[in-house]
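Asker: here is a sequence with its predicted model. Questions after.
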Amino acid sequence: MSKVAILSYHKIGAPPAPPKGWESWYYVSGEGFERDLNWLSERGYRFISRDDLFAAIEKGGALPEKAALITFDDGYRNNATVAMPIMRRLGVPGVVFVPTGYIGGINSWDTGHEPEEGICTWEDLHELEENGLAVESHSVSHPAFSDLTDEQHELQLRESKELLEDHLGRAVEFMAYPFGDAGKDAAKSAELLQRVGYRAACLYGGGGVQIPGANRWRLERLAMGPDSKLGEMLGEP
């Protein structure tokens, strides 16, 4: 059995000056991000790819006793400009989940709550793919899926998948639900994911995922911020 730490980051780099009275938790500095990767490596975690995870879940493929998968939500441009060079230098693969309705735009779903940030262009996404970061689905419009009907839920899954596949030229089979919200009915969510053609999906919460044994449609991830303490989150000294 393998313990897989699935880490979820958002923005890597320095935040813009926040409006008076609030600041964002979702920025991790480049130095902090690299420190996290080194911490995992020093404690015996080995970095895996999306395909390694799929093989282990579906076919019983062997994983290291302690494994780590690095993921990013929303596809911010700083994933390409700051995080990717660090990962390339350290030989770390990863996954970027992007809401397709905002590619080449900004994070307008967060207006009034988070600083304005650019989302990767298609050129950026192709560059991520070329450097070991698989681009996968984070819906079309970044909704809370608990607010959607089954038909809307399926449309978000299907349309994001098809658009990414058209541009990337390969199957898109991994999903991360915005806000970690997979909808009100876990069984229905799993049914829709399978119907559309996904192989796994991510939420938030928990610590390391045990494989075999994890629910592939509700893989728990560690939400990473500037004050996250990996040792406590993973029960490591």
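Answerer: The structure has been received and is ready for your questions.
Asker: for residue 43, give me phi and psi.
Answerer: Torsion angles at residue 43 (phi, psi; degrees, to the nearest 10) stand at phi -100, psi 20.
Asker: shaky segments in the protein?
Answerer: For the chain, applying pLDDT under 70 flags the ranges 18-22.
Asker: can we see that at 80?
Answerer: Applying pLDDT under 80 to the chain picks out residues 16-23, 61, 206, 237.
Asker: quick one: the helices in it?
Answerer: Ranges of helices in the chain, per DSSP state H, are 30-42, 50-59, 77-78, 84-90, 122-130, 150-168, 186-196, 230-234.
Asker: out of those, which comes closest to residue 177?
Answerer: Closest to residue 177 of the helices of the chain is helix 186-196 (CB to CB; 8.2 Å). For the C-beta atoms, the positions are set from N, CA and C on the backbone; glycine is no exception.
Asker: alpha carbons of the closest one, as CSV, please.
Answerer: In CSV, the C-alpha atoms belonging to helix 186-196 read as follows (Å, rounded to 0.1, in the frame of the first residue of the first chain):
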residue,chain,number,x,y,z
ALA,A,186,-21.6,11.7,-4.5
ALA,A,187,-23.0,8.7,-6.3
LYS,A,188,-24.5,10.9,-9.0
SER,A,189,-21.2,12.8,-9.4
ALA,A,190,-19.3,9.5,-9.9
GLU,A,191,-21.9,8.3,-12.4
LEU,A,192,-21.6,11.6,-14.4
LEU,A,193,-17.8,11.5,-14.4
GLN,A,194,-17.7,8.0,-15.7
ARG,A,195,-20.4,8.7,-18.3
VAL,A,196,-18.4,11.6,-19.7
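Asker: check which helices and strands it sits against.
Answerer: In terms of contacts (3 or more CB pairs under 8 Å, 6 or more residues apart in numbering; DSSP states H and E), helix 186-196 is packed against helix 150-168.
Asker: list the contacts of the helix it packs on.
Answerer: Residues outside helix 150-168 that contact it (CB atoms under 8 Å, 6 or more residues apart in numbering) are 98-100, 122, 125-126, 129, 135-141, 143, 145, 148, 171-173, 175, 183, 188-189, 192-193, 195-198.
Asker: about what we covered before: single out the most deeply packed of the helices of the chain.
Answerer: Mean neighbour count (mean count of other CB atoms under 10 Å) peaks for helix 77-78 among those, with a mean of 20.
Asker: quick one on the thing from earlier: in CSV, list the helices of the chain along with distance to residue 23.
Answerer: Shown next, in CSV, are these (distance: least, CB to CB, whole Å):
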stretch, distance to residue 23
helix 30-42, 15
helix 50-59, 32
helix 77-78, 17
helix 84-90, 23
helix 122-130, 26
helix 150-168, 30
helix 186-196, 33
helix 230-234, 22
